[in-house]
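Participant: please find the sequence and the predicted model below.
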Amino acid sequence: MNAETIIARPRKPWLRRLAEELFALIVALVLIALVGLIVLDTAPGHRFLVDRINKIETATGLRIGVARIEGSIFGKTRLRGVTVADPQGVFATSPEIELDWAPLAWMYNSLHIERLEADKVRIERLPKLRPSGRTGPILPGFDIEIGKLEIHRLEVARAVSGRERVGSVSGAATIRAGRAMVDLRFALLDGDRLVVRLDAEPDGDRFVLDVRAIAPGDGLLAALAGTRRPIDLAIDGTGSWTRWRGRGQLLLGGRPTGDLALAADRGRFRLSGTIAPAPFLKGKLQRLTAPRVRVTGAATLANRILDGK
């Protein structure tokens, strides 16, 4: 009688088999993602991204167009033929914008841009956006860091303020971990100057605000404000997020036109004072505002929502 030998191989526990298969699946997905990222950073991948960008439109009708992407989308990128449009068409253009950024920071809910630089930006007219009807936070729900913003030549077309103008813009901005830091400088060759500095951090009990705007009577800022008189605006103060006291003063044509006391206490903002626009008005409106008008206001900023009157 022949003996038959049976070899029994124990089966792997189902939990272990499932873990091994899931691990293999995750590795495969990671490899596919890496291959996809590599493909995106090729000429066909750049064309795919350009096509996607050109199809994006916000609720207000704002659209950004890009003709070509050069360099690496994961570091130093050059955007060629950039346009910005509203429902009426293109209102701003730039032949080339250099972008040095870290796109993978999106994984940490952060927009991180080391450098955003353009040799030339031209504004053809002011945008006319559709009202979106949406209400909500005025600040984004993600961190933003722009280490360097530079527009070497800013051209403002005649349609904006009645004459061609040339200037420059520089600055930096950080909104991260409960702290907002903005440093913006704007200058035109014919005299307009605007400097804005903000450093606010509630948890660090820090609040710094400085604004200075100077413009000649035929300048851009005066035209946008609807006047032909020189503008001199200064906003500054001292204190912290817990208690800050400041002052805003406006001179139009060398005349005191606005004098406001400003206050901020733990996210509660107030203003009070007078404005004297009568010398620059005519008829009934002049009589109603003479000699001055009392102004008061209050607002709160909480959960990125500004509420006030």
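Facilitator: Cool, the structure landed.

Participant: beta partners for the residue nearest to Trp241 when sequence neighbours are not counted?
Facilitator: Closest residue to Trp241 apart from its sequence neighbours, by CB to CB, 6 or more residues apart in numbering: Phe207 at 4.4 Å. Heads up, the C-betas are built off the backbone N, CA and C, glycines and all. Bridge pairing for Phe207 (DSSP bridges) gives the partners Ala200.

Participant: now the one 4 residues further on
Facilitator: Beta-bridge pairing for Val211 (DSSP bridges): Val196, Ile235.

Participant: who are the contact partners of it?
Facilitator: Going by CB atoms under 8 Å, 6 or more residues apart in numbering, Val211 touches Val195, Val196, Arg197, Leu233, Ala234, Ile235, Asp236.

Participant: for the spatially closest residue to the third one that is not a sequence neighbour, give me its contacts.
Facilitator: Yep, that's Arg197 we're talking about. Excluding its sequence neighbours, the residue lying closest to Arg197 (CB to CB, 6+ apart) is Asp210, at 4.4 Å. The contact partners of Asp210, taken as CB under 8 Å, 6+ apart, are Val195, Val196, Arg197, Leu198, Ile235, Asp236.

Participant: could you export these to a markdown table, including columns for neighbour count, distance to Ala299 and pLDDT?
Facilitator: Conversion of those to a markdown table gives the following (neighbours: other CB atoms under 10 Å; distance: CB to CB, whole Å; pLDDT from 0 to 100):
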| residue | neighbour count | distance to Ala299 | pLDDT |
| --- | --- | --- | --- |
| Val195 | 15 | 24 | 97 |
| Val196 | 16 | 19 | 96 |
| Arg197 | 16 | 21 | 96 |
| Leu198 | 15 | 16 | 94 |
| Ile235 | 17 | 15 | 96 |
| Asp236 | 15 | 19 | 94 |
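
Participant: just those now: which is nearest Leu116?
Facilitator: Ranked by distance to Leu116 (CB to CB), the contacts of Asp210 are led by Val196 at 17.1 Å.

Participant: hmm, the closest one is touching Ala180, no?
Facilitator: No - contact criterion CB atoms under 8 Å: Val196 and Ala180 do not qualify, at 12.0 Å.

Participant: need the contacts of Asp210 in a markdown table with distance to Pro44, can you?
Facilitator: Formatted as a markdown table, these follow (distance: CB to CB, whole Å):
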| residue | distance to Pro44 |
| --- | --- |
| Val195 | 45 |
| Val196 | 42 |
| Arg197 | 44 |
| Leu198 | 43 |
| Ile235 | 51 |
| Asp236 | 53 |
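
Participant: and these, which is closest to Thr77?
Facilitator: Nearest to Thr77 among the contacts of Asp210, with distances taken as CB to CB, is Val196, at 27.4 Å.

Participant: would you mind measuring from the closest one to Ala263?
Facilitator: Distance, Val196 to Ala263, using CB to CB, to the nearest Å: 19 Å.

Participant: and for Leu194?
Facilitator: Look at Leu194 and Ala263: by CB to CB, they are 24 Å apart.

Participant: who has more neighbours, the two?
Facilitator: Ranked by neighbour count (other CB atoms under 10 Å), Leu194 and Ala263 place Leu194 first, with 19 against 16.

Participant: pretty sure that one is touching Leu220, no?
Facilitator: No - with contact defined as CB under 8 Å, Leu194 does not count as touching Leu220 (9.5 Å).

Participant: now stretch 89-98: mean pLDDT?
Facilitator: Averaged over stretch 89-98, pLDDT sits at 94.

Participant: figure out how far it is from the centre of its chain.
Facilitator: Relative to its chain's centre, stretch 89-98 lies at 16 Å (CA atoms, centre = their mean, to the nearest Å).

Participant: in stretch 166-185, what's buried?
Facilitator: Gly167, Val169, Gly171, Ala172, Ala173, Thr174, Ile175, Ala180, Met181, Val182, Asp183, Leu184 (16 or more other CB atoms under 10 Å).

Participant: nope, stretch 105-124 is what I was after
Facilitator: Across stretch 105-124, burial judged by 16+ other CB under 10 Å covers Ser110, Leu111, His112, Ile113, Leu116, Ala118, Val121, Ile123, Glu124.
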